[in-house]
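Colleague: Everything below, folded, please.
(one chain, ligands or ions: 2)
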Amino acid sequence: MKNKYLCDVYETVKKRNPNESEYLQAVYEVLASLEDYVNEHPELEKNGVLERFVEAERFIQFRVPWADDQGKVQVNRGFRVQYNSAIGPYKGGIRLHPSVNASIIKFLGFEQTLKNSLTGLPMGGGKGGSDFDPKGKSDGEIMRFCQSFMTELYRHIGPDTDVPAGDIGTGAREVGYMFGQYKRIKNEFTGVLTGKGLSFGGSLARPEATGYGVCYYTNKMLEVMMKTSLAGKKVIISGSGNVAIYALQKATQLGATVIAMSDSSGYIYQPKGIDFSSIRELKEVKRQRISEYLSYDKEAIYEANPKAIWKIPCDVALPCATQNELDLDCVKKLVENGLIALAEGANMPCTLEATEYLIEHHILYGPAKAANAGGVMVSGFEMSQNSMRYAWTFEEVDQKLKHQMEQIFLNVYECSKHYGNAYDSVKGANITGFKKVAEAMIAQGIV
Ligand code: NDP
Ligand code: 2IT
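Modeller: Ligands and ions are numbered 1, 2, ... in the order given. Prediction:
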């Protein structure tokens, strides 16, 4: 990064957010990739666009007290970042995981702003969460936590203000409890959350959307850039949560063989292909560990080292677990073993060095904010359906999702080529997403 304006902006971000490594990583990647665009657009500096863009509009932190099944009082920390509302109401998920802190919430809100712009829908960027660990908690404990979380959050959100949804640790069950509490406090039935149950305003195909979207994106990327497709490819998917499960289903439907999946304890390997219905039952119904897959398939192999999944040779890698799960060594091994494409279901699963290596080695690369935009896209469709008091069919939503994921790929690809390197999709995605937000920020004045 040589541009003085960008360097100065990044120095300020570093000073203001010391020790927030994930946030600094996400901001650095974006600023560095915007260099050509910023050089061509002096109005950005004149209007202070980047200084404003890297500072969240609002950051809320709050106490979340609840009583566990033994009657003991527990206290967690709740967060919501309302990152940028230039192109629409804040929109983004809620992460429940013990690792959640200000840095993680801010990196996710920052990324979400650009991702939501890429969807083509009018949604700003937001994200929330808590260091609450849902693992091993009873339904009653989950409900009391979600109710307490919403008892504070409700005053900051609304269907035209800020619309939360799921993320790690937050699925339909948690969204349901949060929605119930919001409705009770406000006495309002609105589309204030997405990812709701189908009986109270949820969209068909929202649970599937992120995983399906990653596969639609990957398939289009393979078709346009290599004249091939997912059919016949060996695929590795990390994680075994919402995104991973439906990436498994769609990749398999598109003719690929998913040979390995993981959770934070280990990975399973089955060269004949992992079975979707077994994984779905294991994870969504029984909420068990992935090691239990061996009770469905005696031939599968389990190793208690999740990161070692990247040592298995494959054609396509779909990281769908969490940030920085792939470092330089992991991608070097994948490339050495014949990798042709990697698309990010998770947010920021590759370190900066890993991403650079993929681009340098001309691996087809789908950056998170483009490749996993299908989830928030269908959340946007859920908001539309709620406003219309109407519901589209599964096929209607799925077809819109597929079309728009392919369009995102094409927009990113055209932009990458325009700036001189078809493989540099980081530049393509960041510039495409940023352009619209920056134009809206300039048009709306210094706010
Ligand atoms: P889930 O909670 O459903 O699943 C998360 C999966 O990732 C689990 O298998 C979990 O394993 C694993 N995992 C989580 N944290 C870690 C960690 N620190 N180390 C190793 N493994 C971990 O979440 P989602 O599937 O919804 O989210 C997965 C990723 O996709 C996240 O990065 C999320 O931000 C991103 N995403 C999600 C969208 C959505 O619509 N849900 C949309 C776009 C992106 P374990 O059970 O052992 O913790
Ligand atoms: O990272 C993401 O895009 C999500 N967790 C989905 C957000 C949403 O509002 O559906």
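Colleague: Specify the next element, helix or strand, located C-terminal of the strand ranked longest in the chain.
Modeller: Longest strand of the chain, by residue count under DSSP state E: strand 73-84. Once strand 73-84 ends, the next helix or strand along the chain (criterion: DSSP states H and E) is strand 90-96.
Colleague: just the angle between the next helix or strand along the chain from that following strand and strand 90-96, please?
Modeller: Per DSSP H and E, the first helix or strand lying C-terminal to strand 90-96 is helix 102-118. If you take axes from the mean of the first three to the mean of the last three Cα atoms, to 10 degrees, helix 102-118 sits at 140 degrees to strand 90-96.
Colleague: CA atoms of helix 102-118 as PDB?
Modeller: Coordinates of each C-alpha in helix 102-118 appear next as PDB, following Å, rounded to 0.1, in the frame of the first residue of the first chain:
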ATOM      1  CA  ALA A 102     -15.100  -6.300  20.000                       C
ATOM      2  CA  SER A 103     -12.500  -7.100  17.300                       C
ATOM      3  CA  ILE A 104     -14.400 -10.000  15.900                       C
ATOM      4  CA  ILE A 105     -17.800  -8.200  15.800                       C
ATOM      5  CA  LYS A 106     -16.200  -5.100  14.200                       C
ATOM      6  CA  PHE A 107     -14.400  -7.200  11.500                       C
ATOM      7  CA  LEU A 108     -17.600  -9.000  10.700                       C
ATOM      8  CA  GLY A 109     -19.700  -5.700  10.500                       C
ATOM      9  CA  PHE A 110     -17.000  -4.100   8.300                       C
ATOM     10  CA  GLU A 111     -17.000  -7.100   5.900                       C
ATOM     11  CA  GLN A 112     -20.800  -7.300   6.000                       C
ATOM     12  CA  THR A 113     -21.100  -3.700   4.700                       C
ATOM     13  CA  LEU A 114     -19.300  -4.700   1.500                       C
ATOM     14  CA  LYS A 115     -20.900  -8.100   1.200                       C
ATOM     15  CA  ASN A 116     -24.400  -6.600   1.500                       C
ATOM     16  CA  SER A 117     -23.500  -4.100  -1.200                       C
ATOM     17  CA  LEU A 118     -22.500  -7.000  -3.500                       C
END
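Colleague: Just the residues contacting the helix or strand that it is followed by, thanks.
Modeller: Per DSSP H and E, the first helix or strand lying C-terminal to helix 102-118 is strand 125-130. Outside strand 125-130, the residues that touch it by Cβ atoms under 8 Å, 6 or more residues apart in numbering are 64, 76-84, 90-97, 100, 104-106, 108-116, 145, 149, 153, 162-164, 167, 170. Quick note: C-beta positions are derived from backbone N, CA and C, even for glycine.
Colleague: Now find how far off-centre strand 125-130 is within its chain.
Modeller: 11 Å (Cα atoms, centre = their mean, to the nearest Å).
Colleague: Give the partner strands of that strand in its sheet and their orientations.
Modeller: Using DSSP bridges, the strands paired with strand 125-130 are strand 73-84 (antiparallel), strand 90-96 (parallel).
Colleague: And the next helix or strand after it, how far out from the chain middle?
Modeller: Sequence-wise, the next helix or strand downstream of strand 125-130 (DSSP H and E) is helix 139-153. Here the centre of helix 139-153 is set off from its chain's centre by 23 Å, with Cα atoms, centre = their mean.
Colleague: Is helix 139-153 positioned near ligand 1?
Modeller: No - judged by Cβ under 6 Å from any ligand atom, helix 139-153 stays clear of ligand 1, getting no closer than 13.0 Å.
Colleague: Averaged pLDDT, the next helix or strand along the chain from that helix. What do you get?
Modeller: Remark: after helix 139-153, the chain's next helix or strand is strand 162-165, criterion DSSP H and E. What strand 162-165 shows for mean pLDDT is 99.
Colleague: One more: stretch 110-122?
Modeller: Stretch 110-122 shows a mean pLDDT of 99.
Colleague: roughly how far apart are the residue lying closest to Ala440 once chain neighbours are set aside and ligand 2?
Modeller: Nearest non-adjacent residue to Ala440, counting by Cβ to Cβ, 6 or more residues apart in numbering: Ala86, 4.0 Å away. For Ala86, the distance to ligand 2 (Cβ to the nearest ligand atom, to the nearest Å) stands at 17 Å.
Colleague: and Ala86, what does it touch?
Modeller: Counted by Cβ under 8 Å, 6+ apart, Ala86 has contacts Gly124, Val437, Ala440, Met441, Gln444.
Colleague: hmm, try it at 6 Å
Modeller: Neighbouring residues of Ala86 by Cβ atoms under 6 Å, 6 or more residues apart in numbering: Val437, Ala440, Met441.
Colleague: Can I take it that Val27 is in a strand?
Modeller: No - secondary structure of Val27 (DSSP: H, G, I helix; E, B strand; the rest coil): helix, not part of a strand.
Colleague: ok so, going back, got the buried residues for the longest strand of the chain?
Modeller: Gln74, Asn76, Gly78, Phe79, Arg80, Val81, Gln82, Tyr83, Asn84 (16 or more other Cβ atoms under 10 Å).
Colleague: got TSV for the residues you listed, with distance to ligand 1 too?
Modeller: Output for the buried residues of strand 73-84, formatted as TSV (distance: Cβ to the nearest ligand atom, whole Å):
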residue	distance to ligand 1
Gln74	19
Asn76	17
Gly78	17
Phe79	14
Arg80	15
Val81	14
Gln82	18
Tyr83	15
Asn84	17
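Colleague: Please list the residues of the stretch 201-350 of the chain that sit near ligand 2.
Modeller: Asn347.
Colleague: need the strands for the stretch 201-350 of the chain, in chain order.
Modeller: 234-238, 257-262, 267-269, 301-303, 316-319, 341-343 (DSSP state E, counting those that start in this stretch).
Colleague: where's Ser130 relative to Ser99, distance?
Modeller: Ser130 sits at a distance of 11 Å from Ser99 (criterion: Cβ to Cβ, to the nearest Å).
Colleague: With mean pLDDT and distance to ligand 2 added, can I get the strands paired with strand 125-130 in CSV?
Modeller: Listed next are those as CSV, based on pLDDT from 0 to 100; distance: least, Cβ to the nearest ligand atom, whole Å:
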stretch, mean pLDDT, distance to ligand 2
strand 73-84, 99, 12
strand 90-96, 99, 3
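Colleague: OK, contacts around the most centrally placed residue in the chain?
Modeller: Geometric centre of the chain, nearest residue: Asn347, 4.4 Å, by Cα atoms, centre = their mean. Contacts for Asn347 (Cβ under 6 Å, 6+ apart) come out as Leu108, Glu111, Ala368.
Colleague: What is the neighbour count of the closest residue to it other than its chain neighbours?
Modeller: Nearest residue to Asn347, sequence neighbours excluded (Cβ to Cβ, 6+ apart): Ala368, at 5.0 Å. The local packing of Ala368 (other Cβ atoms under 10 Å) involves 23 other residues.
Colleague: where does Ala368 land on pLDDT?
Modeller: pLDDT, read off for Ala368, is 99.
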